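Trainee: Okay, sequence plus prediction incoming.
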Amino acid sequence: MAVVSQEAQVRRAATMQLSFNRIVLWVVGLGVAVLVVWRIAGTAAQGLYGPDVWLMQTLNGLVQGSMYALVALGYTMVYGILLMINFAHGEIFMIGAMSGYFVLNGFHQSGFLATNPVPALLITFLVGMGVPPIVGVLLERIAYRPLRRAPRLVPLICAIGASFFLQQAVRLLFGIRTKVYPTVAVLSGAWTVSVGEREVRIQHMSVLIIVITIILMVALYLLVRKTKIGKAMRAVAEDKEAAALMGIDVDRVIMVTFAIGAILAGAAGVMWGLWYKQVIHTVGFIPGIKAFTSAVLGGIGNIPGAMMGGLFLGLVEAIAPTALDISTQLKDVISFGLLVIVLIFRPSGILGEVLTGKKA
Amino acid sequence: MALLEVDNIHTYYGNIHALKGISIIVDKGEIVTLVGANGAGKSTTLNTICGILKPRHGEIRLNGESLNALKPHEIVAKGISQAPEGRRIFSRLTVMENLEMGAYTRSDRHGIAQDLERVFSIFPRLKERARQVGGTLSGGEQQMLAIARALMARPRVLLLDEPSMGLAPILVQEIFSIIREINQQGTTILLVEQNVNMALQIAQRGYVLETGRVVLHGSAKELRENPQVRVAYLGETQPQAR
């Protein structure tokens, strides 16, 4: 009898502890929410910024978010199939940016960019999207495939190692000098839109980036939904053994998944170079982590989730510092703070399904 | 020459010796059943035939051609497909997409369309639900989908692993009559079952497995009448000495 009541006491203490933790969590969450609302209300009441600023920031957010989303898709697709975070994916993005630089810079030096800007840009994108999948597929073949049956921490650590390897390899091959994308004359113009009494400049470059992103996303959606290889990708993501029993070459599907993720990351890399101009061997690190954050925000393993998560994170980063009236240098704090909040209150992400034991 | 020959295979799970020299022959047009208790090695045998597991010794041949060196997806292309234990349909793919996955190794559009017609005539319920995702089907419908999906490969040998598992008795009857119908349309079937009674009713021949060995084999009629089988698998009590 005594034993039973003692057990019950321990259990009650444990549940009390648990609910106490939850209360603390909610109080902190509520505190953050109140703070955010208060700051936004303050900014709004002061009327510091007109609609032109908001429109500008939204546009910047969409551009930044497009790049995050494209990189996030690679994280989420590989996770969906292998339940592994490919931490070298940021470096794949960097290799896209670098490849694009060498092509575009070559065209710039030779004068081809000035005379034929459209084909020059097209070829830049094609090479920027063509080199990363080669690296991505080799990475999978050499570093990840032999570890497929290993405990899940092992490929993860290997991915971090691969990330350093790729960074340093690019540094050794191409030097530590920052590479500067040449200015593309056709893209440096802007449309001017008047908002109220003010004017907003909509850069041609930002429109190009958003349009290419939309095209790539639609193409990916059609590929995954409608094509045989896309359906096989979904089948493999759900049950590799059953897929093999249907005659699906699982290794090949995994390879294709890495390649597609790398193509999208490569496109984002070229966009990054065109938009921010400067690329260096470490350029993939922060965008890589931000894109990973986007994938988690949207629900990792979920393709529309990664698209949404990327755009959402880009928008938050662009708009939140203005809305909260704080320094834009704090945008990283905001995005990673957001990640923490989402992981606490909705660990499966915005669009994610509740993870089953197998996937978690 | 038999269509499928399993010749003295030994399969291991790590160090566990799961199959200790299994030999099975399946002739064209037959239904052959593997029966036995849990852990006897029935599913292990099927998975070794499919290439999911590799035998350490012994050989598996289809039409005299060794399958040992082939990967699972290559074995499907050779003409062996399986409706695995627990159905394992793709729950997030539609019924139609599941069936397309079954025909993954094929590229003859016309033949695939024909086979789609055929499985829809065998399983009209799947046609009604073609646009639904697999996860929304009932257990019986999922089993039908698993069999239909395996048929879409137009296999020379169809492997069925516990098709009656977890189904209501009336559905078990339905599934078994469908299996017989599929066989009568010309598909050779290797059937693994715990429902020994039903299995021996539709099969021509059977093998009884115990702890990784074939302990008995013969025609279904012989096995049905075998006193050991009657006691161990058909729920009959020991004949009383009078």
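Mentor: Perfect, I can see it now. Numbering: from 1, shown residues only, chains lettered A, B, ... in the order given.
Trainee: now the helices: where do they sit in the chain?
Mentor: Just going to use chain A. For chain A, applying DSSP state H gives helices covering A:2-46, A:51-82, A:89-110, A:112-115, A:117-139, A:153-174, A:204-226, A:228-238, A:240-245, A:250-276, A:285-298, A:303-323, A:331-345.
Trainee: oops, I was thinking of chain B
Mentor: Using DSSP H, the helices of chain B run over residues B:42-50, B:72-78, B:95-102, B:109-122, B:124-128, B:139-151, B:169-184, B:196-202, B:220-225, B:227-232.
Trainee: tally of neighbours for residue B:120?
Mentor: Other residues lying near residue B:120 total 16 when counted by other Cβ atoms under 10 Å in any protein chain shown. Using the backbone N, CA and C atoms, a C-beta is placed for each residue, glycine as well.
Trainee: wait, I meant residue A:107
Mentor: Residue A:107 has 22 neighbours, counted by other Cβ under 10 Å.
Trainee: Could you double-check that it lies in contact with residue A:123?
Mentor: Yes: under the criterion of Cβ atoms under 8 Å, residue A:107 makes contact with residue A:123 at 7.5 Å.
Trainee: could the helices of chain B be laid out in JSON lines, adding distance to chain A and mean pLDDT?
Mentor: Shown next, in JSON lines, are these (distance: least, Cβ to the nearest Cβ, whole Å; pLDDT from 0 to 100):
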{"stretch": "helix B:42-50", "distance to chain A": "6", "mean pLDDT": "96"}
{"stretch": "helix B:72-78", "distance to chain A": "3", "mean pLDDT": "96"}
{"stretch": "helix B:95-102", "distance to chain A": "5", "mean pLDDT": "97"}
{"stretch": "helix B:109-122", "distance to chain A": "11", "mean pLDDT": "96"}
{"stretch": "helix B:124-128", "distance to chain A": "16", "mean pLDDT": "96"}
{"stretch": "helix B:139-151", "distance to chain A": "7", "mean pLDDT": "96"}
{"stretch": "helix B:169-184", "distance to chain A": "18", "mean pLDDT": "94"}
{"stretch": "helix B:196-202", "distance to chain A": "21", "mean pLDDT": "93"}
{"stretch": "helix B:220-225", "distance to chain A": "27", "mean pLDDT": "94"}
{"stretch": "helix B:227-232", "distance to chain A": "30", "mean pLDDT": "89"}
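Trainee: Mind listing what's buried along stretch B:162-182?
Mentor: Neighbour counts over stretch B:162-182 (16 or more other Cβ atoms under 10 Å in any protein chain shown) mark B:162, B:163, B:164, B:167, B:171, B:172, B:175, B:176, B:178, B:179, B:182 as buried.
Trainee: ok so, going back, any idea which of the helices of chain A gets closest to residue B:12?
Mentor: Nearest of the helices of chain A to residue B:12, taken as Cβ to Cβ: helix A:240-245 at 17.9 Å.
Trainee: In the chain, which residue is most central in space?
Mentor: I'll assume chain A. Centroid check for chain A by Cα atoms, centre = their mean gives residue A:291 as the closest residue, at 2.1 Å.
Trainee: other chain: chain B
Mentor: The residue lying closest to the centre of chain B (Cα atoms, centre = their mean) is residue B:160, at 1.8 Å.
Trainee: from memory that one sits against residue B:188, does it?
Mentor: No: counting by Cβ under 8 Å, residue B:160 does not reach residue B:188; the two are 11.4 Å apart.
Trainee: Identify the residues contacting the nearest residue in space to residue B:48 that is not next to it in sequence.
Mentor: Excluding the flanking residues, the one nearest residue B:48 by Cβ to Cβ, 6 or more residues apart in numbering or on different chains is residue B:11, at 4.9 Å. By Cβ atoms under 8 Å, 6 or more residues apart in numbering or on different chains, the contact list for residue B:11 reads B:18, B:19, B:41, B:44, B:45, B:48, B:53, B:54, B:55, B:56.
Trainee: again with residue B:219
Mentor: B:204, B:205, B:206.
Trainee: Do you know the pLDDT at the first one?
Mentor: At residue B:204 the predicted local distance difference test score is 96.
Trainee: Same question for residue A:347.
Mentor: For residue A:347, the predicted pLDDT is 82.
Trainee: Okay, it and chain B: tell me how far apart.
Mentor: 20 Å (Cβ to the nearest Cβ, to the nearest Å).
Trainee: Phi and psi next, for that residue.
Mentor: Main-chain dihedrals, residue A:347, degrees, to the nearest 10: phi -60, psi -20.
Trainee: Count the neighbours of it for me.
Mentor: By other Cβ under 10 Å, 14 other residues sit near residue A:347.
Trainee: what's across from the residue nearest to residue B:48 in the sheet?
Mentor: residue B:19 (DSSP bridges).
Trainee: That one and residue B:158, how far apart?
Mentor: Distance from residue B:11 to residue B:158, counting by Cβ to Cβ, to the nearest Å: 21 Å.
Trainee: which residue does chain A bring closest to chain B?
Mentor: At 3.3 Å from chain B, residue A:247 is the closest residue in chain A, using Cβ to the nearest Cβ.
Trainee: what's the neighbour count on that residue?
Mentor: Neighbour count for residue A:247, taken as other Cβ under 10 Å: 24.
Trainee: residues touching it, list them.
Mentor: Residue A:247 makes contact with B:72, B:73, B:76, B:77, B:81, B:104, B:105, B:153 under the criterion Cβ under 8 Å, 6+ apart.
Trainee: Roughly how far does the second one sit from residue A:240?
Mentor: Separation of residue B:73 from residue A:240 (Cβ to Cβ): 11 Å.
Trainee: Neighbour count: those two, which is higher?
Mentor: Shown here are residue B:73 and residue A:240; by other Cβ under 10 Å, residue B:73 has more neighbours (22 against 18).
Trainee: Residue 72: neighbour count?
Mentor: Answering for chain A, as no chain was given. Residue A:72 has 37 nearby residues by other Cβ under 10 Å.
Trainee: think we crossed wires, I meant chain B
Mentor: Residue B:72 is flanked by 22 other residues according to other Cβ under 10 Å.
Trainee: quick one: low-confidence parts of chain A?
Mentor: The model of chain A has pLDDT under 70 over residues A:1-5, A:13-17, A:352-360.
Trainee: The same query, at a cut-off of 80, please.
Mentor: Flagging of chain A using pLDDT under 80 yields the residue ranges A:1-18, A:47-48, A:196, A:350-360.
Trainee: Residues of it that sit close to chain B?
Mentor: Residues of chain A found near chain B (Cβ under 8 Å from any Cβ of the partner chain) are A:228, A:231-232, A:234-235, A:238-239, A:241-250.
Trainee: Now for the spatially closest residue to residue A:286 that is not a sequence neighbour, how many residues are close by?
Mentor: Closest residue in space to residue A:286, ignoring its immediate chain neighbours: residue A:332 at 7.6 Å, by Cβ to Cβ, 6+ apart. As a burial measure, residue A:332 scores 13 neighbours (other Cβ under 10 Å).
Trainee: I'd like to know how far residue A:332 sits from residue A:287.
Mentor: In this view, residue A:332 and residue A:287 are 11 Å apart by Cβ to Cβ.
Trainee: Leaving out sequence neighbours, find the closest residue to residue A:181.
Mentor: Per Cβ to Cβ, 6+ apart, closest to residue A:181 is residue A:273, 4.3 Å.
Trainee: scratch that, residue B:25 is what I was asking about
Mentor: The shortest distance from residue B:25 to any non-neighbouring residue, by Cβ to Cβ, 6+ apart, is to residue B:2 (4.4 Å).
Trainee: how about the one you found, what does it touch?
Mentor: B:25, B:26, B:27.
Trainee: from the residues you listed, which would you call buried?
Mentor: Judged by 16+ other Cβ under 10 Å, buried ones among the contacts of residue B:2: B:25, B:26.
Trainee: Check the contacts of residue B:2 against chain A and report the nearest one.
Mentor: Nearest to chain A among the contacts of residue B:2, counting by Cβ to the nearest Cβ, is residue B:26 at 18.0 Å.
Trainee: measure that closest one to residue B:4 for me?
Mentor: Residue B:26 is 4 Å from residue B:4, by Cβ to Cβ.
Trainee: before we move on, what about residue A:91?
Mentor: 49 Å.
Trainee: Kindly report the same for residue A:110.
Mentor: Note on residue A:110: its distance to residue B:4, by Cβ to Cβ, is 64 Å.
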